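>>> My questions are about this predicted structure, shown below with the sequence.
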Amino acid sequence: MRSDTDADAVVRRLREGMVGGVLSFPLTSFGDDGGLDVEAYRVYLAAQLAGGPDTTGPGAVFPACGTGEFFSLDEDEYREVVRATVEVADGRLPVVAGIGYGWAQALRFARIAEEAGADALLVLPHYLVGAPQDGLVEQLRRIAAGTRLPLIAYQRGQVAFTAGSLRRIAEIPTVIGLKDGHSDLDRLQRLTLAAPDGFLFFNGASTAEIQARAYATVGVPAYSSAVHAFAPEIAGAFFAALRADDEATLTQLLRDFYVPLVELRDRVPGYAVSLVKAAARLRGLPVGLVRAPLTDPGGADLAELEAVLDAGLALVGAPRRRPTD
């Protein structure tokens, strides 16, 4: 097992990163034949992680998670994605790789991520079935027993912890935090109050910026940004405005970009990933198409996405084409 000191070091790096930028969940690049294009992924990721005059860099990077289509990657592809992320990040920020399914399969991915050099793991909701609280806790205990890497639990879909279960998972030495995708702020407040000092919480709602201010009121200011995967300039502008309490900029970005994006996203299952990837392609980023069972937007939806994207980029003074060199 990794020592408490090592886990504390990861927590410290994550906490420092959360203060300075959003949490980045990159897309995974596929070629024209649908296969993994790891070189295109490297080019794309380098552009996403670079800070510049129009954007700050992210606080941490989470490869092969939901936005990165973890559910469609085989183990060899997963290994290549995590290894490439570690190499491109080059120690500048923490790399937290996604793992999932049942605990036995999650451990296979955990060991691959460990060998590839990841700093920590995000435990995605288990596959298909509902489970009692004792089972949710035992799932994390079994994963923690089989990897030295610190774990962040992700509650979404069929996974939702009670305050009592939160206390139990927080007692596992290498469980360092919780990402929330339910947006039940009453429940989340109970969890934050039940957690020990130093336990990390993340806003993992879809298009988290929409609820960022509400999450902050219950002590969860850190959030993941799907928008960062295709428009770090917009994500960075929102993050800066949020930290500066710039209500005028927040309102404009929410009204003219984020809300229209969310309304479009909610029309079709899977658009939470498909639209993000389509927007990245519109910016000239080498990410390819989504894999089945997701479908790529077309026709009127793609035209509407293009208009929403252009409106957001205009608000922050960024060009459509995003450089990748």
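Thanks, I have the structure now. Note that the structure is a prediction, hence the values are computed from the model and not measured.

>>> On the pLDDT front, check Asp301 for me.
For Asp301, the pLDDT comes out at 98.

>>> Could you give me the buried positions within the helix or strand hosting it?
Using DSSP states H and E, Asp301 sits within helix 299-316. Neighbour-count burial for helix 299-316, with 16 or more other Cβ atoms under 10 Å as criterion, is recorded at 301-302, 304-305, 308-309, 312-313, 315-316. Bear in mind the C-beta positions are built from the backbone N, C-alpha and C, glycine included.

>>> can you put those in a markdown table and add distance to Asp90?
Formatted as a markdown table, the buried residues of helix 299-316 follow (distance: Cβ to Cβ, whole Å):
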| residue | distance to Asp90 |
| --- | --- |
| Asp301 | 37 |
| Leu302 | 35 |
| Glu304 | 38 |
| Leu305 | 33 |
| Val308 | 34 |
| Leu309 | 30 |
| Gly312 | 30 |
| Leu313 | 28 |
| Leu315 | 32 |
| Val316 | 27 |
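
>>> quick one: which two of those are the most distant?
Of all pairs drawn from these, the greatest distance, 23.3 Å, lies between Asp301 and Val316 (Cβ to Cβ).

>>> any idea how far the nearest residue to Gly31 once chain neighbours are set aside is from Ser29?
Spatial nearest neighbour of Gly31, chain neighbours left out: Asp37 (4.1 Å); criterion: Cβ to Cβ, 6 or more residues apart in numbering. To Ser29, Asp37 is 5 Å away according to Cβ to Cβ, to the nearest Å.

>>> list the residues that contact both of the two?
286, 288 (Cβ atoms under 8 Å, 6 or more residues apart in numbering).

>>> Compare those two and say which one has the larger neighbour count.
Ser29 (24 against 20; other Cβ atoms under 10 Å).

>>> Could you report the separation of the more buried one from Ala106?
Distance check for Ser29 against Ala106: by Cβ to Cβ, it reads 24 Å.

>>> rewinding a little: hmm, Phe30 and the residue nearest to Gly31 touching each other?
Yes: taking contacts as Cβ atoms under 8 Å, Asp37 lies within contact range of Phe30: 6.0 Å.

>>> Break down the stretch 151-300 of the chain into its strands, ranges please.
151-155, 175-180, 200-203, 224-225 (DSSP state E, counting those that start in this stretch).

>>> Name the residues that touch the first one?
Contact with strand 151-155 is made by 96, 120-125, 140, 143-144, 159, 161, 169, 172, 174-182, 200, 202, 204, as judged by Cβ under 8 Å, 6+ apart.

>>> how about Glu306, what does it touch?
Leu282.

>>> for Ala194, same thing?
163-164, 166-167.

>>> Just the ones of those residues in helices?
Among the contacts of Ala194, the residues falling in helices (DSSP state H) are 163-164, 166-167.

>>> Give me the buried subset of those residues.
Buried subset of the ones in helices among the contacts of Ala194 (neighbour count, 16+ other Cβ under 10 Å): 166-167.

>>> What is the burial count for the closest residue in space to Ala311 that isn't next to it in sequence?
Spatial nearest neighbour of Ala311, chain neighbours left out: Asp256 (5.4 Å); criterion: Cβ to Cβ, 6+ apart. Neighbour count of Asp256, defined by other Cβ under 10 Å: 15.

>>> Mind pulling up the pLDDT for Asp256?
On the pLDDT scale, Asp256 is placed at 98.

>>> show me what contacts it?
So Asp256 contacts 311-312, 315 (Cβ under 8 Å, 6+ apart).

>>> what does Pro323 give?
Ala47.

>>> how much space between it and Ala46?
10 Å.

>>> Return every residue with contacts to both of these two.
Overlap of the contact sets of Pro323 and Ala46 (by Cβ under 8 Å, 6+ apart) is empty.

>>> Test for you: state the pLDDT assigned to Met18.
At Met18, the model reports a pLDDT of 84.

>>> I should have written Leu178 there, sorry.
Looking at Leu178, the pLDDT reads 97.
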